Structures are given as structure tokens and as C-alpha cells.
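Enquirer: Sequence and predicted model, in that order:
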Amino acid sequence: MRASTHVAYDRFVMILTTPAGTEWHVLDPSKRLSLRAGLPGAFVYDMAAHSLRNAKARGAPALERIPLAFASSWLVNSPASSKVLRRWALPPQFDVWIALIGSLEGPLSSPGEWAPVKALIGRLGDEPFLIEAVSKVLALLVPQVVPLMPEPARKFLLGDSAGSDPDTFVRIADWFVQAVRANAAELDESAASHEEVTLEGAQVLDRLLWFDSEGHRHFPGKV
């Protein structure tokens with residue numbers, strides 16, 4: 001069963017329903033985005049995402065963009081070691097990454113369309129940090145589909161029993177896609193007003209998820 005999503009958006013408040021059915025109240029989204037942009041790693045990560053988006057628009061194929069995303073994922077503390085990244089950058093797993101990007105660029109409008117995604121992620125490894133590491137690469141390459149999925153974000157959306165397997169990845173990504181599609185106008189408006197770096201509407205939702213699940217700890221007394 002799909003989780004419903006409702007957003008009431010104005011200058012001061014944003015309200016969503018998480019996949020677990022709880023309400024998520026975001027107060028002053030613009031301030032949260034600006035505070036996050038002051039973190040050096042987050043700022044450069046956003047610049048890398050924008051550069052990769054431009055490269056894709058100019059016709060750069062996935063096989064050229066994926067290695068750049070591997071390296072850039074470290075800007076937001078990817079747990080993947082250099083050995084894991086090297087494994088991913090070589091056949092046969094590099095071919096899995098190319099197929100994964102292709103699957104995530106599809107319509108993803110029904111549960112069955114997520115099955116290839118889940119299968120491909122399962123072929124990338126069995127490390128306990130796999131979902132977080134994969135999400136921090138994919139959020140650079142397909143930001144309209146995949147948010148960052150560190151443990152705090154997974155628990156924030158799914159509850160304390162949130163897992164770290166491909167099923168969890170698909171559950172969060174499916175919710176994220178629905179939320180972005182349902183509220184594109186409001187999220188795009190927030191992205192357009194963000195001055196520090198260029199964001200898409202989906203990236204606004206992703207950054208707010210990071211902020212309210214764990215990022216606020218960097219800014220005591222400021223929100």
C-alpha cells in the first residue's frame with residue numbers, strides 16, 4: 001500500500017506525511033536550506049550535483065558521470081571506502097551502476113517498475129552501509145528520484161525499525177518520487193528562491209529531510 005503525501009507550503013511551514021504515517025512539520029524551509037548551504041561539504045556537493053546535471057544536459061553518458069559521483073559522494077560523508085568505490089568502478093559492478101541509472105530514469109509510476117531497481121542494488125554488495133552509500137551517489141545522478149538515506153533519515157521516515165536493505169531503499173524512494181510529483185510547484189518555488197547554489201525541487205525535499213532528521217544538530221539554537 002502506498003503512503004499518502006500531503007504538503008501545505010507557505011513561507012513558514014511545510015507539512016508532509018511520512019511513509020510511516022506520521023506528520024513531518026518543516027518550519028521555515030528557506031532558513032534550513034540556507035543554514036545547510038553554509039556547511040562546506042554540503043555546498044560543494046550541491047555544486048557537484050548541478051555540474052553533473054549540466055553534463056547530462058550536454059549529452060555526457062552515464063558511464064562518464066558515474067565515476068564523478070562516486071568521488072563527490074564523500075562530500076556528504078559516504079561510508080563507502082575507496083576499495084568499495086574501486087570495485088564499483090570496474091566490471092561487472094560498473095555495468096550494474098549503468099543499468100541502475102537507466103532503471104531510475106524510467107517512469108516509476110507503479111510498484112512493479114521498482115523491481116529491477118531493487119534487484120540491481122542487491123548486486124552492488126552486502127555491506128551494512130550499502131543503502132546509505134548508494135543513495136549518496138544516486139542523489140547526484142538522479143536527484144528527482146533518490147534522496148540521501150543515512151540511518152537517521154531512514155528512521156525519520158520509517159520509524160526506529162527501519163532497515164538497511166534494498167526493500168527499504170525502494171520504500172523511501174517510492175515515497176520521495178510521489179512527494180516530489182505531487183508538490184512540484186511548491187518545491188520548485190522554494191528551489192528558485194534559494195540563492196546559495198542551484199537546486200531542483202526534489203533536492204529541496206532531500207535537503208530538508210537531511211536537516212530535520214540529523215542536520216539540525218549542527219545548528220544549536222538557530223532553528
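Expert: Ah, there it is. Numbering: from 1, shown residues only.
Enquirer: Pick out the residue nearest the middle of the protein.
Expert: Geometric centre of the chain, nearest residue: P147, 1.4 Å, by CA atoms, centre = their mean.
Enquirer: Let me know how buried the closest residue to it other than its chain neighbours is, in neighbour terms.
Expert: Computed as CB to CB, 6 or more residues apart in numbering, the closest residue to P147 that is not its neighbour in sequence is D206, at 3.9 Å. No exception for glycine: its C-beta is placed from N, CA and C like everyone else's. Residues near D206, counting by other CB atoms under 10 Å, number 24.
Enquirer: can you check L85 too?
Expert: Residues near L85, counting by other CB under 10 Å, number 17.
Enquirer: where exactly do the helices run in the chain?
Expert: Secondary structure of the chain, counting by DSSP state H: helices at 29-37, 40-57, 62-72, 82-88, 93-104, 115-122, 130-141, 151-158, 166-182, 184-193, 201-213.
Enquirer: Now do the buried residues in the third one.
Expert: Think helix 62-72. Within helix 62-72, the residues that qualify as buried are A62, R65, I66, L68, A69, F70, S72, counting by 16 or more other CB atoms under 10 Å.
Enquirer: how far is it from where the chain is centred?
Expert: On the basis of CA atoms, centre = their mean, to the nearest Å, helix 62-72 is displaced by 16 Å from the centre of the chain it belongs to.
Enquirer: which strands and helices sit next to that helix?
Expert: Under the contact criterion of 3 or more CB pairs under 8 Å, 6 or more residues apart in numbering; DSSP states H and E, helix 62-72 touches helix 40-57, helix 82-88, helix 93-104, helix 130-141.
Enquirer: Kindly report the same for the first one.
Expert: Using 3+ CB pairs under 8 Å, 6+ apart as the contact definition, the elements that helix 29-37 packs against are helix 40-57, helix 184-193, helix 201-213.
Enquirer: let's go with 7 Å and repeat that
Expert: For helix 29-37, the packing partners by 3 or more CB pairs under 7 Å, 6 or more residues apart in numbering; DSSP states H and E come out as helix 184-193, helix 201-213.
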